[in-house]
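>>> Fold the following, please.
(2 chains)
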Amino acid sequence: MTDAQVIPIGSGGRPGRGTGRRTTPSAAARSLAGSGRTKRKPEPEPAVEAEQPRTDREEPAEQVAAAAESQFAALEKAIRDTFGDDAERKVAELLAFLRRRLTGRYEIDEFGFDAELTDQVLLPMLRPLAEKWFRVEVRGVENIPSDGGALIVANHSGTMPLDGLVTGLVVKDHTGRAMRTLGADLVFKTPFVGELARKGGATLASNDDAERLLGRGELVGVWPEGFKGIGKPFSERYKLQRFGRGGFVSAAMRTGVPIVPCSIVGAEEIYPLVGNVPSLARLLGVPYIPITPFFPLLGVLGLVPLPSKWLIEFGEPIRTDEFAAGAADDPMLVFNVTDQVRETIQQTLYALLMQRRSVFF
Amino acid sequence: MTRVVMVTGVSRDAGARCARELAADPAIDTVIGVDVVPPRADLGGVRFVRADIRNPVIAKVIAGEGVDTVVHTGVVATPGSAGGRSSMKEINVIGTMQLLAACQKAPGVAKLVVKSSTTVYGAGPRDPAMFTEEMAPRAISQTGLSKDAVEVEGYVRGFARRRPDVIVTTLRMANWIGPQTNSPITRYFAMPLIPTVLGYDARLQFLHESDGVAVIRHATVHDIPGTFNVAGDGVLLLSQAIRRLGRPALPFPSFTAGTTGMLVRRARMADFSPDQISFLTYGRGVDTARMRDELGFEPSYTTASAFADFATSLRTGALTAASRLVTGGVRRAAETVRR
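The predicted model follows:
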C-alpha cells in the first residue's frame, strides 16, 4: 500500500462490482426454479369446489343458522342486561379499545405515559381500593391549579407506595388532570413495576425530568422523603423525614410553578412496619425488607393492606415565580423554601390527626 | 467557494446514499467517496477513491484532491459486516484517529461532519427521559458500538480544540429505519418471533433513512458548528412497535437475555451486542429541540411514520395473518347466519 488507487467510476447507472446481497436469483437459478411457479397456478379451484357442497347441504346449514341465531339473541340479551341501555355503544367502544391496544394504534408521550391505558385500565382498578377500602376523604382540591404546571409535594409512608397511587387517582378524579409522579431509580430497575410506572405517568426523580415535565405545564407529584419516609418504623409514624436535598424546590423555582403541599393521613397504618431484615435487604439490593404484624407471618394474606381511613388535604399553593432569577442556585433560599413546605405538611398532618376519630373510621 | 467534499465509508449503504445525495447538490462541485472496498451501489456523480482511512495515505488524498469538507460516515455499527468486533473497533477508532490526524495537517480542510449515534448516551434505569446534548451518559456499555461512538466523539472534540478554524458538526442520530436500511435493529424487527426482555418496555426513537441522508446534506451545505441529536418526533414503546408489526413477541427473563442474544447471533438471525440488549431493555429518548432551533432541520418522518414505512417493507406478521383468518371466518359465519 504505497499510494491510493484511483478508480474512476462512470458505471453508467449499472451497479458496481462487490459482494452485494442480491435479492433476485440469477437467470440460471430462475430457469431451474421455473417449474415451481407453474404448479401453483391452479389455486382458485378449491374455492369452486367448496362452493358446491353448500348447495347440497341446504337443510343442515339452515338448522345451524337457526341455532346460531337463537344463541346470538341470547348473547345479545346477556350483553344488554350487563351493560344497560346503550349496550351496543359500550360494546362497540370496548371492542374498538381492544383493537387499538392489540394493533398498537395508541399514543404515548416522550416519558412513556400511556394516557389511555391509565384512564381505562389502571385507575379503574385502583378506584375501589381508594373509595371502598380506604374511604379516602379529600380536602382543598381547589388549591390544585386547573391548568399550567404545578408541583404537588406530599408525605410518604406505608411501606408500599400506595399513597402515591391513591393521590394520583384523587387528583385525576377531582381535577381531571393526570398527575405525573417522580419515582426512585429502583422503581425503573425493577421488572414489571418500572414498566407499569412509566405507562402510568411516572418518570425518574431527577431535576432534568422534573423540569421538563413542569416546563410542559404538567401536574407533577413528588414524595421528597423517598425511602426514608416510606420505610420508617411504625413507631415514627407521621414524623416527617428529611426532604432530600431540596431538588424539587429548585426545579419548581426554575420553571416558576407553584408548590402545592399535600398531607396524607391514613397511609401510615396500611402496613405497620415493625421490623426490618437489613442483611437480606442488602443482599437483594433493596432499601428494606418489611416485617409487619401480618407479613410474612400470613404469607400472601399479609399483603392485604389494613383498611385505615384516609384523609388527603391539599394546602395553599406556595408561589415560586416571585423569586429573582438565579434563586434556584441559592442554597440558603432553597433550604428555606424546603423547610417551609415541610413545616406546612407537618402542621397539617397534626391537625388532620386531631380530626380523625380513629384509625379505621 | 469551490467545494470538494470527501465522504468516508461509501461502500456501505448509508455512506453511498449520502455521497450520492451530496453529488446531486449544485452547491457542491466534487464529491469524492473513500472506502477500502469498491462500492456495490451506483454512486452517480461520485468519484471513488480506494483508500483506507486507517492508513496515513488518506492524508495524500485530502491534499491531492484539495478537499475542504470531510463527511465521516465510516463508523461501523455491526461487528458482522466489518468481519468481527476487533476489526470493527479498528475501523471505528483507529480509522477516525487517522482521518482526523490527516485533516489536522491539511490546511485546506475547513469543515468536518461526523455521523455519530445516540448510543453515546448508553441506556439504563437511571437515565433521564430525554437526553439533551449536554447531558453525560449514566450507563455506558463497555463494549460495542456505544463505546466506539464515545471514543470517536472524544477524538472529534480533540480535533475541534486543535483546529478551532474548522467547523465541526457532530450528528448524534437515532437508529435509522426504512425499507432499504439493513441494520441490527431492522433485522431484529424482521424476525418472525421477536424476543423481548420480560417486564421491561423500552422507549424507542427512529430516524427515517431519507431524513438521515437529508440531515447530513443539510449539515454539509450549511455551516453550523456543534453537536446535535437527530431523531424523528415522538416515541414508540417496543411492545407497541411489535404490535404494529402484528408479530408475536417472545419475552425472556432479563438474566437470560445475554445467552439468548448470543444464540440469536450464532444463528445469524440478528446481531445482538450487549449494548443493544440494554437499549432494548431500557430504551432511550433524545431531545431534538436544538436540531430544530439551531441546526434548522425538520425531519419529514416522525418516529411512528418512519416505523410504518419500514413495516410496509416487511412481510405480514403472524398475528396479523391469524387475525385476518379469524375475522374472515367470522364474516363468513355471519353471512351464513344471515342467509
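>>> Grab the nearest non-local neighbour of B:F310.
Excluding the flanking residues, the one nearest B:F310 by Cβ to Cβ, 6 or more residues apart in numbering or on different chains is B:I177, at 4.6 Å. (Each C-beta comes from the backbone N, C-alpha and C, glycine too.)
>>> Verify the contact between the one you found and B:E209 for me.
Yes: B:I177 lies in contact with B:E209 (Cβ atoms under 8 Å); the separation is 6.9 Å.
>>> which one of these two has more residues nearby?
Taking other Cβ atoms under 10 Å in any protein chain shown, B:I177 and B:E209 do not tie; B:I177 has more neighbours (28 against 23).
>>> Tell me what that one is bridged to.
B:H208 (DSSP bridges).
>>> Could you check which residue of the stretch 151-300 of chain A lies nearest chain B?
A:P191 (2.6 Å; Cβ to the nearest Cβ).
>>> For that residue, pull up the helix or strand it's in.
Under the criterion DSSP states H and E, no helix or strand holds A:P191.
>>> who's in contact with the helix or strand harbouring A:L349?
Secondary-structure assignment from DSSP H and E places A:L349 in helix A:331-355. Defining contact as Cβ atoms under 8 Å, 6 or more residues apart in numbering or on different chains, one finds that helix A:331-355 is touched by A:153-155, A:224, A:238, A:240, A:243, A:246, A:248-250, A:253, A:259, A:261-263, A:265, A:311, A:313, A:315-316, A:318, A:320, A:323, A:327-328.
>>> Against A:K132, how distant is the residue nearest to B:F310?
47 Å (Cβ to Cβ, to the nearest Å).
>>> What is the neighbour count of residue 135?
This is for chain A. Other residues within reach of A:R135, judged by other Cβ under 10 Å, total 15.
>>> Not quite, go with chain B.
14.
>>> quick one: contacts for the residue of the stretch 201-339 of chain B found nearest chain A?
Across the stretch 201-339 of chain B, the shortest distance to chain A (Cβ to the nearest Cβ) belongs to B:R243, at 3.3 Å. Shown in contact with B:R243 (Cβ under 8 Å, 6+ apart): A:101-104.
>>> hmm, 6 Å instead?
The neighbourhood of B:R243, defined by Cβ atoms under 6 Å, 6 or more residues apart in numbering or on different chains, consists of A:103-104.
>>> what ranges do the helices span in the stretch 201-350 of chain A?
A:207-215, A:227-230, A:247-255, A:278-284, A:331-355 (DSSP state H, counting those that start in this stretch).
>>> For the residue nearest to B:F310, give me its contacts.
Neighbours of B:I177 in contact, by Cβ under 6 Å, 6+ apart: B:206, B:306, B:310.
>>> residues in chain B within reach of chain A, list them.
Counting by Cβ under 6 Å from any Cβ of the partner chain, chain B comes close to chain A at B:38-43, B:48-51, B:57, B:61, B:125-126, B:128-130, B:199-201, B:203, B:235, B:237, B:240, B:243-244, B:285, B:336-337.
>>> Take these and keep only those in helices.
Judged by DSSP state H, the subset of the residues of chain B next to chain A located in helices is B:57, B:61, B:240, B:243-244, B:336-337.
>>> Closest to A:P305 out of these?
B:Q240 (32.4 Å; Cβ to Cβ).
>>> From B:P179, how far out is the nearest residue to that closest one once chain neighbours are set aside?
Leaving aside its sequence neighbours, B:Q240 sits nearest to A:G104 (Cβ to Cβ, 6+ apart; 4.3 Å). Per Cβ to Cβ, A:G104 is found 19 Å from B:P179.
>>> more neighbours, these two?
Comparing A:G104 with B:P179 by other Cβ under 10 Å, the one with more neighbours is A:G104, at 18 against 13.
>>> how much space between that one and B:A311?
Counting by Cβ to Cβ, the gap from A:G104 to B:A311 is 10 Å.
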